[in-house]
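Participant: Got a predicted model here, sequence first, then my questions.
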Amino acid sequence: MRPDSLLIHILTVGVLVYFVLLNGGYLLLNILAMFALRKRAQESVLDDLPQVYSALEPPISIVVPAYNEEATIAASVRSMLQLSYSEMEVIVVNDGSSDRTLQVLTEEFSLVPFPEAYRIQLESKPVRAIYRSTRFPNLRVIDKVNGGKADSLNAGINAARYPLFCGVDADSILQRDSLQRLVRPFLGDPQMVASGGTVRIANGCEVRGGYLTRIGMPRNPWALFQVVEYLRAFLFGRLGWSVINGMLIISGAFGLFRKETVVAVGGYTPGSIGEDMELVVRMHRKLRARGIPYKIEFVADPVCWTEAPEDRKQLRNQRIRWQRGLSESLNSNWGLMFNWHGGVAGWLAFPFFVLFEWLGALVEIFGYVFMAVAWWQGWISWDSAAIFFFVAIGLGILLSAFGLLLEEISFHLYQRPGQLLLLAVIVVAENFGYRQLNSWWRLVGLFKWARGGEAKWGAMNRKASWQRDIN
Amino acid sequence: MDYRPPSDIYLQVALWAGVGTMVLTVLVGLQIVWLRLAMRRLQRREQALTLKWRPLLNAAIAGDELGTLPELAQRDHVLFIKLWLHLQQAVRGEASEGLNRIARRLGCDAYMRGLLVRGNRAERLLATLALGHMRDRESWAALARAAHAADSASSVHALWALVQTDAARSAQEMAPVLLRRDDWPLSQLANILQNVRGEWQLVLALALLRVSPEELPQALRLVAALRIDLPQAQLRGYLASEQADVVLAALRLARTPAVLDQVRGHLGSADWRIRLQAVRALGELGDRSDVARLRASLSDPEWWVRYRAAGALLSLPFLTEAELADLRNADDRYAADMLAQVAAEREVA
């Protein structure tokens, strides 16, 4: 065999093996997720009964970073104040907004300056003032110099009074019982240090008074693709890893943490663009290095809803940002990879993320391009190329179908037959262009990260067409 | 380029992997459809059952005399009990007994006993809840076995059922177990024992004497959370312990001035958590002589100790306005800031 033929053969087989390994890994996660969902379903009889509080549930500080959120902040805070939980406080951190965010909060919640003996446990940009609501004693607002989301979260943690804190995006729509569900892993397990909930797409749904009142499907195709994508990412991606204590991400939109542990590992990294993942990976690394037993758990219940980008440009920016965040998180925590004490996180989850989530885009795009070019140039047969695409796309469809199956086993939120049919169509359709486009954006994100330069959040033009606010 | 793969075996494997994937996808699709149809059927059965039984259950709650009851199909027992449980959670006393009577007449007690032994995990949980509401003495042994199981959710609910059935007997049998289980949520235990403290108090105090030193801190935390008072001599022993975690938990139990001397002694502890609990206890039990001690704690290096000291000082009923003003004008900026914050918090509240 000629050397170039051998090279092409190795590349062909290599690409195929990579795709099979990638999807095989996801299928294993699927099986783990199914076990977890089955256990959860067995306990659903308890969920259906009215909940009773004993006032011994651990109190929770909700930390809400807000930057230029004048349009939605009042409704968001109102919904958070109405969450059903025995004891909690809401801390809104105004991150030097240039719009009327602070004025809106002051007017809506009758804020007055509060002489707080602010305690600095984590570094953050200077705090200009602290306010307290005269109408809601458990609401405080921190006004600080702009420093980004991670910096705001650190300031909020400094002001938090309670042992658990919950980071919430200002535009998140929460279920009324979301705290109750998210805190469950902490109730019977002193080793629990963090729990994250499922985030779903709110586009197409109806929201009143800050709460979701009707679950619907978005009409926008970009948002539709993301509905299936989120099912896949949360229902088996995170749940599967959670079963073996290897979850590396808790969504910044809604995550609950033991404050003491977060402070002990240094809090959020200011300036980080993937601050939510970076913190969780660092927690794994540092807690394992110190020999501290811990657990990080995922709560499969749909507790948080978020508005997905509805145009290509915003979606592209979001995905590039996510990939940069992933790159940052992994690169600042290489110490976890194959560490002697790394456990599942260091020996399985971290390498999996490096190989399939981080470098995955590179291999995937290379795989598609290589196969197409190789066939075009006659380096490989039509059969080889066709089988590659058949397997790659087939596995993609199977994974998405599994996501839909898990949803049907557990929550079946999309109850109308038409909704299920639409989701089934999307499960197939997203594999013909959307996923490849996503891989391309991730690749761009990877290159942008490698090239360096300051990462920017970029403006998200929120439409909130689902919002029917009532006062 | 005349590339030929060395063997077609790779392609064949890949092709079959693809075919297998497709077949699996179709099976997943069929499973989704089947699940959806099954869910619809179940919903329809639930609706029919609710329509038929809800008025009768409401009548049972109201204490009305119920004549001949319609037959409850074997397969509807679980759905019926779910509806019945929902109502049980919302009622007490005679209304709850009314629901129990109707369930027994329908043979649900026997059916649930069977599920408790032979059912799957979900059915066992359902049976545990139902039998607890029915205070079913016949299932005591099975419930006790379930309460010893490793499964946290099932075992803690079995404990609840035992407490419902016979509080005194459950205390005798389960107090040692309760003190050793750190997987049972405190909040849930507080709910379970809130109306039976009398039966459990002494038994728990005695059981505490038998737990190992390693289990003692957790056991004391539990006793403190349940607000169970310990005999003074026992409490004094814990307050004098060498184990920081034991002292910490015992300070939470200090609710009598008789242990004030020991509480004051812990104000100088190297462990800030112990200083914090000592300050808190002093705020509740202290006398005028403790003002100076609490004032000193206002300068503690730990924020939480200063916060609690400020709260304790401002709560003292015998502190005069002049003394308060003197405190606020303290030279220590940390102390003054903390007093200002706590005073402002109280104004808002």
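Facilitator: Received, thanks.
Participant: low pLDDT regions in the stretch 101-250 of chain A?
Facilitator: Nowhere does the stretch 101-250 of chain A drop to pLDDT under 70.
Participant: let's go with 80 and repeat that
Facilitator: Scanning the stretch 101-250 of chain A for pLDDT under 80 picks out A:208-211.
Participant: how about the strands of the chain, start to end?
Facilitator: If you meant another chain, say so; for now it's chain A. Using DSSP state E, the strands found in chain A span residues A:60-66, A:88-95, A:111-113, A:127-133, A:139-144, A:164-168, A:173-174, A:192-201, A:206-208, A:211-214, A:254-258, A:295-306, A:467-468.
Participant: Which among these is found nearest to chain B?
Facilitator: In terms of Cβ to the nearest Cβ, the element of the strands of chain A nearest to chain B is strand A:127-133, at 5.7 Å. In short, each C-beta sits where N, CA and C put it, glycine included.
Participant: Kindly export that closest one (C-alpha atoms) in PDB.
Facilitator: Below are the C-alpha coordinates for strand A:127-133, written out as PDB (Å, rounded to 0.1, in the frame of the first residue of the first chain):
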ATOM      1  CA  VAL A 127     -19.500  48.500  45.900                       C
ATOM      2  CA  ARG A 128     -21.000  52.000  45.600                       C
ATOM      3  CA  ALA A 129     -24.000  51.500  47.800                       C
ATOM      4  CA  ILE A 130     -26.300  48.900  49.300                       C
ATOM      5  CA  TYR A 131     -30.100  49.300  49.300                       C
ATOM      6  CA  ARG A 132     -32.900  47.500  51.100                       C
ATOM      7  CA  SER A 133     -36.500  47.400  50.200                       C
END
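Participant: any idea how far it is from the chain center?
Facilitator: Here strand A:127-133 is found 29 Å from its chain centre; the criterion is Cα atoms, centre = their mean, to the nearest Å.
Participant: How about stretch A:333-344?
Facilitator: So, by Cα atoms, centre = their mean, the centroid of stretch A:333-344 is 22 Å from its chain's centroid.
Participant: Could you pull up the mean pLDDT of it?
Facilitator: Mean per-residue pLDDT for stretch A:333-344: 94.
Participant: Show me which positions of it end up buried.
Facilitator: By 16 or more other Cβ atoms under 10 Å in any protein chain shown, the buried positions in stretch A:333-344 come out as A:Asn333, A:Leu336, A:Met337, A:Asn339, A:Gly342, A:Gly343.
Participant: cool, and stretch A:146-156?
Facilitator: Under 16+ other Cβ under 10 Å, the buried positions of stretch A:146-156 are A:Gly147, A:Gly148, A:Lys149, A:Ala150, A:Asp151, A:Ser152, A:Leu153, A:Asn154, A:Ala155, A:Gly156.
Participant: Just give the nearest non-adjacent residue to the fifth one, would you?
Facilitator: Read it as A:Asp151. What sits nearest to A:Asp151 in space, not counting adjacent residues and going by Cβ to Cβ, 6 or more residues apart in numbering or on different chains, is A:Pro270, at 4.5 Å.
Participant: Please report the distance of the nearest residue to B:Pro185 once chain neighbours are set aside from A:Asp47.
Facilitator: Among residues not flanking B:Pro185 along the chain, A:Leu187 sits closest, at 3.5 Å (Cβ to Cβ, 6+ apart). Going from A:Leu187 to A:Asp47 by Cβ to Cβ, to the nearest Å gives 14 Å.
Participant: hang on, the earlier thing: out of the buried residues of stretch A:146-156, what pair is the most spread apart?
Facilitator: A:Gly148 and A:Gly156 (12.8 Å; Cβ to Cβ).
Participant: Give me the longest helix you can find in chain A.
Facilitator: helix A:3-42 (DSSP state H).
Participant: quick one on the thing from earlier: can you tell me which of the buried residues of stretch A:333-344 is nearest chain B?
Facilitator: A:Gly343 (21.0 Å).
Participant: Contact partners for the residue nearest to that closest one when sequence neighbours are not counted?
Facilitator: Spatial nearest neighbour of A:Gly343, chain neighbours left out: A:Arg288 (6.2 Å); criterion: Cβ to Cβ, 6+ apart. Applying Cβ atoms under 8 Å, 6 or more residues apart in numbering or on different chains, we find A:Arg288 in contact with A:Leu336, A:Asn339, A:His341, A:Gly342, A:Gly343, A:Ala345, A:Gly346.
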